[in-house]
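Asks: A structural model of the following input is requested.
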Amino acid sequence: MDPQVISYKCLSCGSPLGYDKSGKLKCASCDAEYDLETLKKFTESADGDSQFDWKDYKKSFEQNKKTFEDTVTYICRSCGAEIETNPQTAATHCPYCDNEIILSDRVGKGLKPNGIIPFKIDKKGLEDSIRAHFKGKRLLPNKFMSLHKIGKIQGVYVPFWLFDATLDGGMQMEATETVCYSTSKYDITEHIHYLIDVDGKMTFKKVPVDASIKMDDDLMDSLEPYDYSGLVDFETAYLSGFLADRFDDDPDSSLPRASERMKNSAEEVFINSVDKSFDTVTRKNSNLNIINSSVRYVMLPVYLMNVGYKGKNYRFAVNGQTGKVVGELPISRAKKYLYLLLSFSVSLGVYSLIAWLISLFIR
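Replies: Below you'll find the predicted structure:
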């Protein structure tokens with residue numbers, strides 16, 4: 001058997017196990033449940049490997065670049081089928097027997113994440129979140145809300161970088177104040193302009209940036225916030241029953257995105273710190289530098305789904321911890337025109353009422 005493949009099997013019936021929101025691994029066939037510590041005694045695991053360290057990984061990557069980039073074929077321990085995976089796959093399903101497979105070398109040997117937030121939303125909670133998201137959307141086509149229109153929903157652990165850093169520097173702002181007064185001859189309005197300099201340091205913790213090139217950055221950003229108090233030490237068992245990819249966008253490439261987010265937040269704090277007596281406060285320029293940056297590699301839970309409607313595919317993502325839903329929604333043209341017509345009719349009715357009242361006074 002391939003020692004790089006981990007499969008969590010039910011000790012009673014031998015069926016694949018999947019991680020459940022209860023914090024245990026559950027058998028879909030006989031409903032048996034196992035805690036993580038129990039299964040670790042019966043299963044080979046990569047959990048003892050060292051956690052991810054960017055400096056160590058860079059050295060290893062330069063020495064073994066081909067190993068990290070090549071497609072690899074694995075043997076399913078359940079049916080013996082060959083499974084070809086891309087270099088980023090960390091957990092998948094066997095397409096022949098649907099066995100849950102964790103590729104231990106993708107989360108071991110220095111690639112072990114520093115933490116993971118397990119899925120807290122199950123399929124029932126997911127449907128509730130989707131329905132709540134659709135509710136109140138008056139222009140949403142009725143047929144779009146039919147559950148049979150929703151394609152396969154897949155739970156995925158998405159790789160993220162969590163950056164800690166300190167911003168040091170300053171920012172220059174322009175402010176205006178308007179003063180009005182009167183003399184014996186004139187009413188005077190003065191516009192007073194100020195140049196304000198602010199210096200300081202600001203520390204940021206756990207600034208997230210998704211580490212997957214194929215994931216839409218805006219979609220992943222929209223899923224925030226995650227509750228990072230839910231971060232736990234990584235165990236391969238958490239991946240069972242889900243898909244997972246390791247990172248393919250390194251921290252050096254992702255740091256500028258994190259830095260931009262930190263700088264925008266710092267500038268907003270600086271602007272809000274200025275005396276509220278000013279009428280306007282605007283940013284002129286800033287000189288904020290990142291110092292003492294560090295990064296952690298974590299996996300965060302995301303449900304991905306596609307909804308087909310009138311030949312177009314609408315992609316949604318759901319925060320697997322909080323149930324927050326993000327994605328594009330179609331607009332019903334019929335409902336749109338109906339609401340426009342109603343608005344026009346109401347406006348016309350109000351106008352007619354005003355005209356009738358005016359006519360009464362004129363008589």
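Asks: Is Tyr57 located within a strand, as I assumed?
Replies: No. Counting by DSSP: H, G, I helix; E, B strand; the rest coil, Tyr57 falls outside a strand, being helix.
Asks: Just the pLDDT for it.
Replies: With respect to pLDDT, Tyr57 scores 75.
Asks: hey, what's the nearest residue to Pro16 once chain neighbours are set aside bridged with?
Replies: For Pro16, ignoring the flanking residues on the chain, the nearest one in space by Cβ to Cβ, 6 or more residues apart in numbering is Glu100 at 4.4 Å. For the C-beta atoms, the positions are set from N, CA and C on the backbone; glycine is no exception. Note on Glu100: beta-bridge partners by DSSP bridges are His93.
Asks: just checking, Glu100 touches Leu17?
Replies: Yes. Look at Glu100 against Leu17 with Cβ atoms under 8 Å: they come within range, at 6.9 Å.
Asks: shared neighbours of these two, anything?
Replies: Contact with both Glu100 and Leu17 is made by residues Tyr8, Ser240, Gly241, according to Cβ atoms under 8 Å, 6 or more residues apart in numbering.
Asks: burial of the residue nearest to Pro16, as a residue count?
Replies: Neighbour count of Glu100, defined by other Cβ atoms under 10 Å: 25.
Asks: so what's it up against?
Replies: Neighbour list for Glu100: Ser7, Tyr8, Pro16, Leu17, Gly18, Ala91, His93, Ser240, Gly241 [criterion: Cβ under 8 Å, 6+ apart].
Asks: With respect to Asp227, which of the residues you listed is nearest?
Replies: Using Cβ to Cβ, Gly241 comes nearest to Asp227 of the contacts of Glu100, at 21.7 Å.
Asks: my guess is that closest one meets Leu17, correct?
Replies: Yes. The pair Gly241 / Leu17 is scored as a contact, 7.3 Å apart, by Cβ under 8 Å.
Asks: Name the residue in the two with the higher neighbour count.
Replies: Applying other Cβ under 10 Å to Gly241 and Leu17 shows that Leu17 carries more neighbours, namely 25 against 20.
Asks: Can you tell me how far the more buried one is from Glu328?
Replies: In this view, Leu17 and Glu328 are 35 Å apart by Cβ to Cβ, to the nearest Å.
Asks: And Thr322, by the same measure?
Replies: Remark: distance between Thr322 and Glu328 (Cβ to Cβ) = 20 Å.
Asks: more crowded one of the two?
Replies: Neighbours of Thr322 and Glu328, each counted by other Cβ under 10 Å, are more numerous for Thr322; the result is 18 against 11.
Asks: Spatially nearest residue to Asp122, not counting backbone neighbours?
Replies: Distances taken as Cβ to Cβ, 6+ apart place Lys21 nearest to Asp122, at 4.9 Å, with adjacent residues excluded.
Asks: my bad, should have said Val158
Replies: Distance criterion Cβ to Cβ, 6+ apart; nearest residue to Val158, sequence neighbours excluded, is Val302 at 4.9 Å.
Asks: buried sites along the one helix or strand the one you found maps to?
Replies: Counting by DSSP states H and E, the element that carries Val302 is strand 280-309. Going by neighbour count (16 or more other Cβ atoms under 10 Å), the buried part of strand 280-309 is 281, 286, 288, 290, 293, 295-305, 307.
Asks: pLDDT (mean, whole number) over it?
Replies: The average pLDDT within strand 280-309 is 88.
Asks: Pull up the pairing partners for the next helix or strand after it, direction included.
Replies: Proceeding N to C from strand 280-309, the next assigned helix or strand is strand 312-319, under DSSP H and E. If you go by DSSP bridges, strand 312-319 pairs up with strand 280-309 (antiparallel), strand 325-327 (antiparallel).
Asks: Overlap in contacts, Gly241 and Leu17.
Replies: By Cβ under 8 Å, 6+ apart, the residues touching both Gly241 and Leu17 are Leu25, Glu100.
Asks: if we can go back for a sec, hmm, the residue nearest to Val158 is touching Thr322, no?
Replies: No. Using Cβ under 8 Å as the test, Val302 is too far from Thr322 to be in contact (11.0 Å).
Asks: Need the overlap of contacts for those two.
Replies: By Cβ under 8 Å, 6+ apart, no residue touches both Val302 and Thr322.
Asks: Now do the helices in the stretch 1-150 of the chain.
Replies: Remark: helices assigned in the stretch 1-150 of the chain by DSSP state H, counting those that start in this stretch are 36-40, 54-63, 65-69, 123-134.
Asks: Would you single out the least confident of those?
Replies: Ranked by mean pLDDT, these end with helix 65-69 at the bottom, a mean of 54.
Asks: Could you check how many residues crowd around Ala258?
Replies: Neighbour count for Ala258, taken as other Cβ under 10 Å: 22.
Asks: Just give the closest residue to it, not the sequence neighbours.
Replies: Distances taken as Cβ to Cβ, 6+ apart put Phe163 closest to Ala258, at 4.2 Å, once the chain neighbours are dropped.
Asks: same thing with Pro225?
Replies: Leaving aside its sequence neighbours, Pro225 sits nearest to Thr322 (Cβ to Cβ, 6+ apart; 7.8 Å).
Asks: State the distance from that neighbour to Ile130.
Replies: Thr322 is 14 Å from Ile130, by Cβ to Cβ.
Asks: repeat for Asp168
Replies: In this view, Asp168 and Ile130 are 44 Å apart by Cβ to Cβ.
Asks: Show me how the record splits this structure into domains.
Replies: Domain assignment for the chain by automatic domain parsing gives 5-118, 142-232+241-332, 333-363.
Asks: I'd like the ones you listed as CSV, with distance to Leu126 appended.
Replies: Formatted as CSV, the domains of the chain follow (distance: least, Cβ to Cβ, whole Å):
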stretch, distance to Leu126
domain 5-118, 11
domain 142-232+241-332, 6
domain 333-363, 26
